[in-house]
Structure formats: structure tokens, C-alpha cells
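J.: fold the stuff below for me.
(one chain, ligands or ions: 1)
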Amino acid sequence: MREMVYNWFDRRLGLASLSKTLLDEPIPGGPSFVYVFGSAMLFLFTLQVVTGFSLMFFYSPGVDHAWESTRYILEEVNYGWLILSLHAWGGSAMVMVVFFHILQVFIWGAYKTPRELVWVMGIFLLILLNFMVFTGYLLPWDQRSYFAMGIALELLDKVPIIGDGLARFLKGGATRGVLSLSRFFTVHAMLLPAVLAIGAGIHLFLMRRVGPAGSIKAAGKVSEEENETFFYPGQVTKDMIFAGILLVILIIGASLYPAEVVEKASAEASDYNPRPEWYFIWIFQILRLPFFTGEIGEFIGGIVVPALLLGFLILVPFIDRNPERHPRRRMVAMSIMALFVIGFITLTVMGLLGVGE
Ligand code: HEM
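T.: Below you'll find the predicted structure:
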């Protein structure tokens, strides 16, 4: 019976050649746990889509209902607190996992020729991800999100040429209100997920065209037997184990520290001291450094520095022309990466500890 069903579909869909194309991708050097981060990103994105759609059944994106419906989800809906908390934790997890994905790709030299386009597409996904977590932060419409949005829109406004128009469009008027909320909701729940899904598809397509970079060992040193190992079942099993571990961590995190809302957004409470989420705190911390004060300082710290960092990241495969992949033979690239990572972690920890507040 099973064979009959399989044959029926195989004749119509060509299952045998489809599964060969999808699963029989050789991984030079064989499967490894260090390659799990890319597929973990896909897993987390799926989790965000599932929890996000579940939330949409109860959430209402109007200024009179957003805060109330978020509280309703947290307090009244069966397991609503778990779904919302998983969604919030899932966003943080995506930022953390993408960090490790970039780090792995960098250390393994997997951005080098012919994988430049895979890297550039990855940076595009990174930008989308940042917009995704930022726009989602506003939706509960509490004081935290309202004032965080105020600061972000002020910064956006300072971006030359497009900033003013973009900030005005997102705000939907002179003040933050009805239109800002529905525009952030549309961007967060419809536009960005669609673009991110298409972008991730292109990222994977580009990656499969050139094949995975695989082992860090110099080409030729990998044994024949190792060279012949395929994406399925070795890598798929490792990817699934890591996804399972992530899910358990997220459920424990969401249960111990569930999402919460503070007081409802109100423009009157101007003494509210806003704090961004941990993944944006490094920018906040740059703005606290003594030389980034005042109108020009804020522009340089909040716009020019992040834009330069982003520009540099995009150009990495074109600046680094060293054909070597092993980290020991790429001391300059490794040192620059270490400086970036230490800088980012230091600023984040300083921000979380409230240094300079
Ligand atoms: C939403 C974000 C992202 C998703 C869903 C994603 C997904 C994936 C997946 C599934 C793979 C193949 C498996 C692997 O090697 O891990 C991959 C590979 C790759 N990704 Fe990403 N990625 C994302 C962001 C990024 C970013 C931000 C970068 C770099 C700036 C990047 C650069 C690469 C490169 C160069 C490869 C090829 C690695 C190799 O051949 O070994 N990706 N990505």
C-alpha cells in the first residue's frame, strides 16, 4: 500500500529525483555541529511565523486595543502567555543565533570566492531581521515600546536623504499614534516576513549553486570517505538535535521569564526612562560615550558608526582577498573579527549594567 502511494506521487512529482536534489548534497569533510546555525535560523523563523500567526488571532493593532489585547493574551487566553513569551524569546534567539552563524561562516572562511553573493544576501537578511525585531517591539503599545520607538524614529529622521521621509511614513503623521501602530504592524506581520522568507530562499539557492564550503581543512586533505558524506542523514540529524535543544531552552526561558507589558503608552509620561532591548543596547551605549553627545555627536554615533560597520560587513569578501581558509593563516582577519566581537560584547554588557546612565 505504502509503495503504491509512493509510486503514485513519484510518477506525478518525480519524488526520487526531488529528494536526490534536496538531500544528497555532499558536504566536504562530512556533517558537523558547527554547521547547524543556518538551519537553526530557518527553524526559529518557522517558530516565529507559527507563534506570530497564533497571536494575530487575538491581537488588535489599534491604539485603543493593542495594549488591552496584549494583556488579554497574557492573562486570559489559554497558553497565550506561553505563545507570546516564546515569540519574544524567539526574536532574541534569532539575533543570538545569527551572531553565531556569522561567526562560524567567518572563522571557516566560508564567505570567500565563490560564496560572496551568499554572504551579501546574508547581510540583507541581517538588516531585515533587525527591522523585524524593532517593529515587533512597538506592538504591545506600552510605555517601553512607545518611548523606544520615539528614540528610534528620531535617529531614523537623521539619516540623510531618505531618513526624514521614512520616519514620517512610519509615524504616519506629526505624532506617534493610530497610523504608526498599524504601519508597524503591517511591516512586522506581513511585509517583512514575506521579504525575509523570499530572501532566505535566495540565500539558500545561492548557497546550493556553489555548494557548502564544508571542512576548514585545506582541500585535498579531507579523506575520500569523509568527502562522500551527504546532507542527509548526517547533517539533518545534527540540525534537528540542535533545533530540539533550542526549543527546550526557549520553553524553559519563556516559562521562567514570561513576556510582560508595562503601563499603557502615553505621550504625557515624558519622564519615562526608555531602555532598548539587549540587541540594540550597543548603539545606545555608543551614544553614551563622551564624544557622541550633542546633535552632531548623536548623528555620528547613532547613524554614521552603525552604517560604516554595516558597509564594512557587506564588503568583507571583497576586502579580504586572502585565498586561505584556515584561521591560523588569516591572522589579520581573525584579529579584526576578535576586535569587533569584543567591542560588541563590551558595549552590550556595559549597557545592560547601566554604565554611564
Ligand atoms: C535570517 C537569516 C539567515 C538564515 C535563515 C540563513 C540560513 C542559512 C542556511 C540554512 C545555510 C546553510 C547551512 C549552513 O552553512 O549553516 C546558510 C549558509 C550560509 N550563510 Fe546564512 N542565513 C542567514 C543569515 C546569514 C548572514 C547574516 C550571513 C553573513 C553575513 C550569512 C552567510 C552565510 C554563508 C556565507 C553561508 C554559506 C556557508 C557555507 O558554505 O559553509 N547568513 N545560511
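
J.: CA only for contacts and neighbour counts going forward, please
T.: OK.

J.: what ranges do the strands span in the stretch 101-250 of the chain?
T.: Counting by DSSP state E, counting those that start in this stretch, the stretch 101-250 of the chain has no strands at all.

J.: I281 is in what secondary structure piece?
T.: Using DSSP states H and E, the element containing I281 is helix 281-288.

J.: which strands and helices lie in contact with that helix?
T.: helix 331-353 (3 or more C-alpha pairs under 8 Å, 6 or more residues apart in numbering; DSSP states H and E).

J.: how far away is R209 from M121?
T.: Look at R209 and M121: by C-alpha to C-alpha, to the nearest Å, they are 14 Å apart.

J.: so for the two, which residue has more residues nearby?
T.: Taking neighbours as other C-alpha atoms under 10 Å, R209 and M121 compare with M121 leading, 18 against 11.

J.: can you pull the contacts of the nearest residue to that one once chain neighbours are set aside?
T.: Nearest in space to M121, with sequence neighbours left out and distances taken as C-alpha to C-alpha, 6 or more residues apart in numbering, is H203 at 5.8 Å. By C-alpha atoms under 8 Å, 6 or more residues apart in numbering, the contact list for H203 reads V118, M121, G122.

J.: near the ligand, from these?
T.: V118, G122 (C-alpha under 6 Å from any ligand atom).

J.: which of the contacts of H203 lies closest to the ligand?
T.: Nearest to the ligand, judged by C-alpha to the nearest ligand atom, of these is G122 at 3.4 Å.

J.: could you check how many residues crowd around I123?
T.: 17.

J.: give me the pLDDT for it.
T.: Predicted confidence (pLDDT) at I123: the value is 98.

J.: and for G177?
T.: 76.

J.: go ahead and confirm it touches K171.
T.: Yes. Assessed by C-alpha atoms under 8 Å, G177 is found in contact with K171 at 7.3 Å.

J.: those two: which is more packed in?
T.: Neighbour count, other C-alpha under 10 Å: between G177 and K171, K171 has more, with 22 against 18.

J.: contact partners for the more buried one?
T.: Per C-alpha under 8 Å, 6+ apart, neighbours of K171: L153, G177, L179, S180, R183.

J.: among the residues you listed, who's most crowded?
T.: S180 leads these on contacts (other C-alpha under 10 Å) with 24 neighbours.

J.: that one touches L170, doesn't it?
T.: Yes. Using C-alpha under 8 Å, S180 is in contact with L170, at 5.5 Å.

J.: contacts only, for L138.
T.: S145, Y146, A148, M149, L181, F184.

J.: just give me the closest of those residues to G52.
T.: Nearest to G52 out of the contacts of L138 is F184 (C-alpha to C-alpha; 14.3 Å).

J.: may I see the buried residues of stretch 49-61?
T.: T51, G52, L55, Y59, S60, P61 (16 or more other C-alpha atoms under 10 Å).

J.: isn't the fifth one up against Y72?
T.: No. When contacts are counted by C-alpha under 8 Å, S60 is not listed as touching Y72 (10.6 Å).

J.: format the contacts of K171 as JSON lines; extra columns: distance to L13.
T.: Shown next, in JSON lines, are the contacts of K171 (distance: C-alpha to C-alpha, whole Å):
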{"residue": "L153", "distance to L13": "49"}
{"residue": "G177", "distance to L13": "50"}
{"residue": "L179", "distance to L13": "46"}
{"residue": "S180", "distance to L13": "46"}
{"residue": "R183", "distance to L13": "41"}
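
J.: nearest to L250, of the residues you listed?
T.: Distances from L250 to those, taken by C-alpha to C-alpha, are shortest for R183, at 28.8 Å.

J.: V34 and the ligand: what is the separation?
T.: 8 Å (C-alpha to the nearest ligand atom, to the nearest Å).

J.: list the contacts for that residue?
T.: Q104.

J.: looks to me like it is in a helix.
T.: Yes. Judged by DSSP: H, G, I helix; E, B strand; the rest coil, V34 forms part of a helix.

J.: show me where the stretch 101-250 of the chain has helices.
T.: Under the criterion DSSP state H, counting those that start in this stretch, the stretch 101-250 of the chain contains helices at 116-138, 143-157, 163-171, 178-186, 192-210, 224-227, 236-256.
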